[in-house]
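**Q** predicted model and sequence follow; I will ask about them next.
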Amino acid sequence: MNVADSERAATGLRESGYDLCTSEADADVVLLNTCSVREKAEKKVFTRVGEIRSAESAGRKVLVGVMGCVAQLEGETIFERAPVDLVIGTRATDRIPSLLNRAHEGERKIIDLAERDLNDSWDVSPVERHSPHVAFIPIIEGCNKFCSFCIVPYSRGRERSRPATEIVNEVRRLQNLGYKEVHLIGQNVNSYRPRIEDGLQGFQGATPFSRLLRAIAATGMPRIKFTTSFPRDFHPDIVAALEENANLCDWVHLPVQSGSDRILKLMRRGHTRADYLSRIDRIKNSKRRLALTSDVIVGFPGETEKDFRDTLTLVEECSYDGLYIFKYSRRKGTPAANFPDTISEQEKTARFSELERVQKQAQENIYRSYVGRTLSVLVERQSSRSKSDVTGHSTCHKVVNFPGHHGLEGEILDVLITQTKSNSLYGTKVDRFGVA
Ligand code: SF4
């Protein structure tokens with residue numbers, strides 16, 4: 001989401017006559033886009049502002065702005081904590097050029113935490129996209145779920161879905177520009193619920209999200225991925241849509257956070273272990289092999305040894321292709337911040353390591369099962385490890401490296417998997433005559 005916001009901010013700024021420079025030493029304006037999911041990231045922002053200010057040469061004043069989640073949450077207090085000129089909330093991205101105009105006219109301590117204007121543009125210029133082959137498309141912003149540990153509903157506000165026609169048109173435009181893959185993004189993509197369903201008429205589906213998936217698949221964009229899904233809103237019809245459309249990629253990210261019903265309740269996730277497993281059943285029993293990834297928090301306040309064992313068994317049962325494990329960290333302003341944090345740092349680390357060991361074992365087996373199979377890979381760039389290799393992602397979202405050159409970037413190629421690494425696969429390009 002932050003990458004997508006930076007792309008949008010850059011689009012608006014360039015349209016207003018700004019140029020992006022590669023070094024902050026050359027910049028007249030420095031905007032720091034911030035994340036507040038973890039406390040450490042938040043602290044870093046203030047250190048960075050200090051560094052920028054101390055690098056300012058005599059007589060050269062740089063306008064410094066903080067945008068994103070930290071700006072939205074901390075608001076006015078940022079002016080007390082750091083020498084910044086602008087505080088730009090999560091819904092003010094499109095108003096940055098006019099805020100900068102005010103700053104240039106001499107106004108100081110400018111703050112905009114207001115809601116998004118209905119007419120605000122979501123457009124991103126292709127020049128500002130992070131890749132010429134893969135594009136992020138926000139389809140929904142914000143979150144209504146209020147999980148007790150999470151700051152997002154406070155920093156990003158309530159859910160707002162983008163009109164389907166606009167999304168489908170954006171996909172078509174990207175396709176005409178040669179993009180090969182789009183990622184539909186949002187805190188909870190499957191909670192997608194636009195105010196009016198323009199653009200979805202004529203598409204079947206049990207939920208607006210599964211209708212949107214079918215509408216986007218019908219554009220013919222070669223690869224479509226989506227993340228993140230929320231378990232309670234994960235309707236089996238989403239799997240049906242994936243089964244019907246080969247260009248909807250074979251990967252689902254479905255965060256569970258805990259395998260213990262007691263902890264899930266304290267987390268206010270709105271799903272039980274059994275609810276979650278019933279959705280996993282549908283994914284695992286799909287006629288297509290669907291890769292599955294998830295997120296887990298260990299050491300949530302009050303998590304007992306038994307609760308943690310429940311998480312271990314759930315992770316074993318789900319046999320995830322990948323798992324992001326986080327040690328619980330208290331976020332000021334969330335309900336869980338008031339729960340007594342009973343788990344020591346040492347215990348959190350021990351649980352993290354044990355879960356990581358269990359996951360590694362399952363992941364190794366899954367990765368080994370790909371050896372001898374051919375995966376369709378979108379080549380994204382030269383590998384950072386070897387100049388003679390290129391790297392990209394498969395449709396099932398595995399990192400795949402193979403021998404190749406710069407000229408292959410942007411191509412979708414068949415790669416025969418020959419080796420596995422802990423978090424990636426290695427292979428050889430094949431053409432219709434066999435191994436190339
Ligand atoms: S659903 Fe996700 S973004 Fe929303 S509150 Fe829960 S963890 Fe945060």
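**A** Everything's here; your move. Computed from a predicted model, the values in this text were never measured in an experiment.

**Q** hey, let's count contacts and neighbours off CA atoms from now on
**A** Will do.

**Q** excluding its backbone neighbours, what's nearest Arg368?
**A** Nearest non-adjacent residue to Arg368, counting by C-alpha to C-alpha, 6 or more residues apart in numbering: Thr420, 6.4 Å away.

**Q** and Glu39, by the same measure?
**A** Counting by C-alpha to C-alpha, 6+ apart, Glu39 lies nearest to Arg331, which is 6.7 Å off, once chain neighbours are set aside.

**Q** tell me the secondary structure for that neighbour?
**A** Per DSSP: H, G, I helix; E, B strand; the rest coil, the secondary structure class of Arg331 is coil.

**Q** I figured it hits Ala41, correct?
**A** No. In terms of C-alpha atoms under 8 Å, Arg331 does not count as a neighbour of Ala41; the distance is 11.7 Å.

**Q** common neighbours of the two, please.
**A** Any residue near both Arg331 and Ala41 by C-alpha atoms under 8 Å, 6 or more residues apart in numbering counts here, and not one turns up.

**Q** and the two? Which one has more around it.
**A** Neighbours per residue (other C-alpha atoms under 10 Å) separate Arg331 from Ala41, with Arg331 holding more: 18 against 13.

**Q** show me what contacts that one?
**A** Listed by C-alpha under 8 Å, 6+ apart, the contact set of Arg331 reads 37-39, 149-151, 337.

**Q** those also near the ligand: which ones?
**A** The subset of these lying close to the ligand, counting by C-alpha under 6 Å from any ligand atom, consists of Cys150.

**Q** in helices, which of the contacts of Arg331 appear?
**A** Among the contacts of Arg331, the members falling in helices (DSSP state H) are Glu39.

**Q** among the contacts of Arg331, which one is most surrounded by other residues?
**A** Phe149 leads the contacts of Arg331 on contacts (other C-alpha under 10 Å) with 25 neighbours.

**Q** read off the pLDDT value for Asn2.
**A** As predicted, Asn2 sits at a pLDDT of 85.

**Q** surely it and Val37 touch.
**A** No. Using C-alpha under 8 Å, Asn2 is not in contact with Val37; the gap is 11.7 Å.

**Q** look up how far Arg357 lies from the residue nearest to Arg368.
**A** Distance, Thr420 to Arg357, using C-alpha to C-alpha, to the nearest Å: 17 Å.

**Q** give me the more crowded residue out of these two.
**A** Neighbours were tallied for Thr420 and for Arg357 using other C-alpha under 10 Å; the higher tally belongs to Thr420 (19 against 12).

**Q** verify the contact between the more buried one and Ile366 for me.
**A** No. Thr420 lies out of contact with Ile366 (C-alpha under 8 Å); the separation is 9.9 Å.

**Q** surely Met428 is within a helix?
**A** In this structure residue 428 is Thr, not Met. No. If the criterion is three-state DSSP, then Thr428 is strand and not within a helix.

**Q** that one pairs with what?
**A** The partner list for Thr428 in beta bridges (DSSP bridges) reads Leu416.

**Q** residues contacting Gly199?
**A** Taking C-alpha under 8 Å, 6+ apart as the contact definition, Gly199 lies against 163-165, 168, 215.

**Q** cool, Lys225 as well?
**A** 181-184, 248-249, 251.

**Q** quick one: name whatever helix or strand follows the lengthiest helix in the chain.
**A** Of all segments of type helix in the chain, defined using DSSP H, the longest is helix 345-368. Counting by DSSP states H and E, the element after helix 345-368 in chain order, helix or strand, is strand 374-382.

**Q** next, the angle from the helix or strand following that next one to strand 374-382.
**A** In the C-terminal direction, the helix or strand that comes right after strand 374-382 (DSSP H and E) is strand 389-394. For strand 389-394 against strand 374-382, the angle by axes from the mean of the first three to the mean of the last three C-alpha atoms, to 10 degrees is 130 degrees.

**Q** I'd say Ile325 and Thr311 touch.
**A** No. With contact taken as C-alpha under 8 Å, Ile325 and Thr311 are classed as non-touching, separated by 11.3 Å.

**Q** who's more crowded, the two?
**A** Set side by side, Ile325 and Thr311 show unequal neighbour counts under other C-alpha under 10 Å, the larger going to Thr311 at 24 against 17.

**Q** which residue packs closest to that one, ignoring adjacent ones?
**A** Take Thr311 and drop its neighbours on the chain: the residue closest to it by C-alpha to C-alpha, 6+ apart is Gly259, 3.8 Å away.

**Q** I'd say that neighbour and Lys306 touch.
**A** No. Assessed by C-alpha under 8 Å, Gly259 is found out of contact with Lys306, at 10.2 Å.

**Q** who's more crowded, these two?
**A** Gly259 (24 against 10).

**Q** ok, that one to Asp233 distance?
**A** Separation of Gly259 from Asp233 (C-alpha to C-alpha): 18 Å.

**Q** from the stretch 301-436 of the chain, which residue is nearest to the ligand?
**A** Distances from the stretch 301-436 of the chain to the ligand, computed as C-alpha to the nearest ligand atom, single out Thr334 as the nearest residue at 9.7 Å.

**Q** how about the residues of the stretch 51-200 of the chain by the ligand?
**A** Taking C-alpha under 6 Å from any ligand atom as the criterion, the contact residues of the stretch 51-200 of the chain with the ligand come out as 143, 145-147, 150, 152-153, 187.

**Q** could you dump those to a markdown table with secondary structure?
**A** As requested, these are arranged in a markdown table below (three-state DSSP):
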| residue | secondary structure |
| --- | --- |
| Cys143 | coil |
| Lys145 | coil |
| Phe146 | coil |
| Cys147 | coil |
| Cys150 | coil |
| Val152 | helix |
| Pro153 | helix |
| Gln187 | coil |
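
**Q** tell me where the stretch 1-150 of the chain has helices.
**A** Counting by DSSP state H, counting those that start in this stretch, the stretch 1-150 of the chain has these helices, from start to end: 2-15, 39-55, 69-74, 77-81, 96-104.

**Q** out of those helices, which one sits most buried?
**A** helix 69-74 (a mean of 24; mean count of other C-alpha atoms under 10 Å).

**Q** contacts for that one, please.
**A** Applying C-alpha under 8 Å, 6+ apart, the external contacts of helix 69-74 come out as 34-36, 42, 78, 87-90, 113, 154-156.
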